[in-house]
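Enquirer: Output the structure for:
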Amino acid sequence: MLRWGMNGMNKQNRLELHAKLVAIVKDVYFQPPANISMNYPCIVYQRIGVDTDSANDKNYIQTDSYQLTVIVKDPEDNIADTLLDSFSKISITSAFTLDNLHHTYLSLYYK
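Expert: You can find the predicted model right below:
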């Protein structure tokens, strides 16, 4: 399985993840530039690394690690809960409010 090459991560896996996120909330942004105007509620995500399982001196499973940020205006919005129900390797890592926007950080391992 080709995981890394000249272009970095496996783009097909990331696009599959993106489609699953869009099914949960309409506005999803992958590593957006600082000057982008976002619509809320939204999910912002970025790839933060690769988790590698090894045995017999070989890597046999590599799983991309993502940080997801759910940003909502309504503190009772259930997008983070929906994400927890939709993925098996996901957890909430922190939450805070800034400028009347509620942010929930999640850590996700995907394929």
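Enquirer: And the strands in the chain?
Expert: Secondary structure of the chain (DSSP state E): strands at 27-30, 42-55, 58-72, 90-98, 101-110.
Enquirer: Can I get these in JSON lines including mean neighbour count?
Expert: For the C-beta atoms, the positions are set from N, CA and C on the backbone; glycine is no exception. As requested, the strands of the chain are arranged in JSON lines below (neighbours: other Cβ atoms under 10 Å):
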{"stretch": "strand 27-30", "mean neighbour count": "16"}
{"stretch": "strand 42-55", "mean neighbour count": "14"}
{"stretch": "strand 58-72", "mean neighbour count": "17"}
{"stretch": "strand 90-98", "mean neighbour count": "12"}
{"stretch": "strand 101-110", "mean neighbour count": "18"}
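Enquirer: Could you list the low-confidence segments of this protein?
Expert: 1-9, 52-54, 60 (pLDDT under 70).
Enquirer: T63 versus the residue located most distally from the centre of it, what's the distance?
Expert: Counting by Cα atoms, centre = their mean, the extreme residue of the chain relative to its mean C-alpha position is N56, 30.8 Å from that point. With distances defined as Cβ to Cβ, to the nearest Å, the gap from N56 to T63 amounts to 19 Å.
Enquirer: Any idea what the residue positioned nearest the centre of the chain is bridged to?
Expert: Within the chain, one residue has its C-alpha closest to the average C-alpha position: by Cα atoms, centre = their mean, that is L68, at 3.7 Å. Listed by DSSP bridges, the beta-bridge partners for L68 are Y45, L106.
Enquirer: Might you report the residue contacts of it?
Expert: L21, I43, V44, Y45, L83, I90, Y105, L106, S107, L108 (Cβ atoms under 8 Å, 6 or more residues apart in numbering).
Enquirer: for the residues you listed, which one is nearest P32?
Expert: Among those, V44 lies closest to P32 (Cβ to Cβ), at 6.3 Å.
Enquirer: didn't the closest one look like it was pressed against I79?
Expert: No: V44 is not in contact with I79 according to Cβ atoms under 8 Å; the separation is 11.8 Å.
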